[in-house]
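After the sequence you'll find the predicted model.
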Amino acid sequence: TPEGIFGKADAVGYAVCHRIDLRSFHIGERQFPLCARCTGQYLGALTGLVFQAIVSRHRAGSPPKRVIIGLVILASLYGLDGANSYLHLPAFQEIFPNMNLLYEPNNILRVMTGTGMGLVISAALYPAFISTLYQQFDRVPTVTGIKQLLVMMVCAILVSGLTLSNIGWILIPLALISSGGVLLMLTMIFTIMILMIFKKENSYQRLGQAIYPILVSLLFANCICSRAVLIP
């Protein structure tokens, strides 16, 4: 097990992120566990999950078309900026030195487009988790309209925007929270898979009743992150 809390956060980062130094935020000389894009993505996903848990609770309906269009736009911006950023990698530039690129990428764009993609992931993951876990849930959309989507976006942008503050006591918890978001999302996904494999969908009335599949899922998530450190 890596030493210290940041060592463990770095292990989580290695499991899901390229961790390129120039494309990451830093706390002094210490690199964030995740690159700027992944930091925004998991902070955005966490914000979206918390927002839906507060506002929607046991709702698990499909979002209306206007919300889906908004989420598609966010995902498209993420893909566009990611592709443009990838084309700026030195290895690619050596192969195609004269290629005209859209714009010069930067970490501000990376963290913001990552935040948008995190909201997209949370909008899909939260209702999937609720509809798989609980016996009874409301088939009402977790994000009911554009207004609610905009509020969720503003909350996520405010959280992710703090990564640009360059203030150590703000950056340290954000770095750790973003890596914790990876574990949370993996745990939720594995919980859904375990319940489906063992045909235990819609078996619980309260979250606490599902403690065993959730703990097993958390174990799987930790194993994946630990294994990533051991791979040369």
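Done, it's in. Remember, it's a predicted structure, so these values are computed and weren't measured experimentally.

CA atoms for contacts and neighbours, from now on please.
Fine.

Please give the number of neighbouring residues around Glu104.
By other CA atoms under 10 Å, the residues close to Glu104 number 10.

Next one: it from Pro63, what distance?
Taking CA to CA, to the nearest Å as the criterion, Glu104 is separated from Pro63 by 34 Å.

longest helix anywhere in this structure?
Among the elements of type helix in the chain, defined by DSSP state H, the one spanning the most residues is helix 168-197.

Give me the helices and strands touching that one, please.
Packed against helix 168-197, as judged by 3 or more CA pairs under 8 Å, 6 or more residues apart in numbering; DSSP states H and E, are the following elements: helix 4-16, strand 26-27, helix 36-55, helix 107-133, helix 211-230.

mind putting the ones you listed in TSV, mean pLDDT included?
As requested, those are exported to TSV (pLDDT from 0 to 100):
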stretch	mean pLDDT
helix 4-16	90
strand 26-27	94
helix 36-55	97
helix 107-133	97
helix 211-230	84
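
Can you tell me the SS state at the residue of the chain positioned farthest from its centre?
Ranked by distance from the centre of the chain (CA atoms, centre = their mean), the top residue is Asn98, with 34.5 Å. Put simply, Asn98 is coil when judged by DSSP: H, G, I helix; E, B strand; the rest coil.

Just want the phi and psi numbers for it.
In terms of degrees, to the nearest 10, the main-chain angles of Asn98 are phi -100, psi 10.

what comes into contact with stretch 144-157?
Applying CA atoms under 8 Å, 6 or more residues apart in numbering, the contact partners of stretch 144-157 are 43-44, 47-48, 51, 63-64, 66-67, 70, 112, 115-116, 119, 143.

List only buried entries from those residues.
Applying 16 or more other CA atoms under 10 Å to these, the neighbour count classes 43-44, 47-48, 51, 63, 67, 70, 112, 115-116, 119, 143 as buried.

Please report how far Ile172 lies from Thr113.
Between Ile172 and Thr113 the distance, using CA to CA, works out to 21 Å.

Compute the number of surrounding residues for the nearest residue to Met112 once chain neighbours are set aside.
Spatially, and ignoring its direct neighbours in sequence, Met112 is nearest to Gly40 (6.2 Å; CA to CA, 6 or more residues apart in numbering). Counted with other CA under 10 Å, the neighbours of Gly40 add up to 33.
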